[in-house]
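**Student:** pasting the structure only:
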């Protein structure tokens, strides 16, 4: 796959496990070099502690999040960049009402996981909270296996409860 120069307007929004994601650049567009997307997340949004083969970089545009790298906990404010090498257990939790972040997958790949578990957003803002799981567990596990995502722990608890 050979990359070509690309100007990519903000993509159509999708709902990804309770967050609002905007695809920006896919591996198809970058020759597999990287994937880029933006996410708006509600208070308490937190993926489980997990790993994947790709390096991942987060850049916090708005809000406050706490990031876990292995067992180390870091409070992050807007303007903070976090680099996570592939294979390192990591998670984060939104501590403000909302947070807006850019995500970079190097090489590309994580954006395909996000796309596989997203549905087109019916409106360009966050969904109301779900009464139960947003995605059936079997589908979530199948997509995780396909994209090399490995859960190594539950989502982080409220950062204020951490010691």
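**Tutor:** Here it is on my side, so go on. Only a predicted model underlies this, so the values are computations on that prediction, with no experimental measurement involved. Residues are numbered from 1 along each chain as shown.
**Student:** look up the closest residue to residue 109, ignoring the ones flanking it.
**Tutor:** In space, and not counting its chain neighbours, residue 109 is closest to residue 54: 4.7 Å by C-beta to C-beta, 6 or more residues apart in numbering. Every C-beta, even on glycine, is put in place using the N, C-alpha and C of the backbone.
**Student:** again, but for residue 103
**Tutor:** Per C-beta to C-beta, 6+ apart, closest to residue 103 is residue 37, 5.4 Å.
**Student:** which parts of the longest helix anywhere in the chain are buried?
**Tutor:** In the chain, assigned by DSSP state H, the helix with the most residues is helix 137-147. Buried residues in helix 137-147, counted by 16 or more other C-beta atoms under 10 Å: 140, 143, 144, 147.
**Student:** distance to residue 69 and pLDDT for those residues - can I get that in JSON lines?
**Tutor:** JSON lines is the format used below for the buried residues of helix 137-147 (distance: C-beta to C-beta, whole Å; pLDDT from 0 to 100):
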{"residue": "140", "distance to residue 69": "23", "pLDDT": "94"}
{"residue": "143", "distance to residue 69": "24", "pLDDT": "96"}
{"residue": "144", "distance to residue 69": "20", "pLDDT": "95"}
{"residue": "147", "distance to residue 69": "20", "pLDDT": "96"}
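**Student:** for the most centrally placed residue in the chain, name its beta-bridge partners.
**Tutor:** Geometric centre of the chain, nearest residue: residue 103, 6.5 Å, by C-alpha atoms, centre = their mean. Note on residue 103: beta-bridge partners by DSSP bridges are residue 37, residue 58.
**Student:** going forward can the numbers begin at 17, since that is how I track them
**Tutor:** New numbering, starting at 17: the last item is residue 119.
**Student:** how near is it to residue 108?
**Tutor:** 11 Å (C-beta to C-beta, to the nearest Å).
**Student:** give me the common contacts of the two.
**Tutor:** The overlap between the contact sets of residue 119 and residue 108 (C-beta atoms under 8 Å, 6 or more residues apart in numbering) consists of residue 74.
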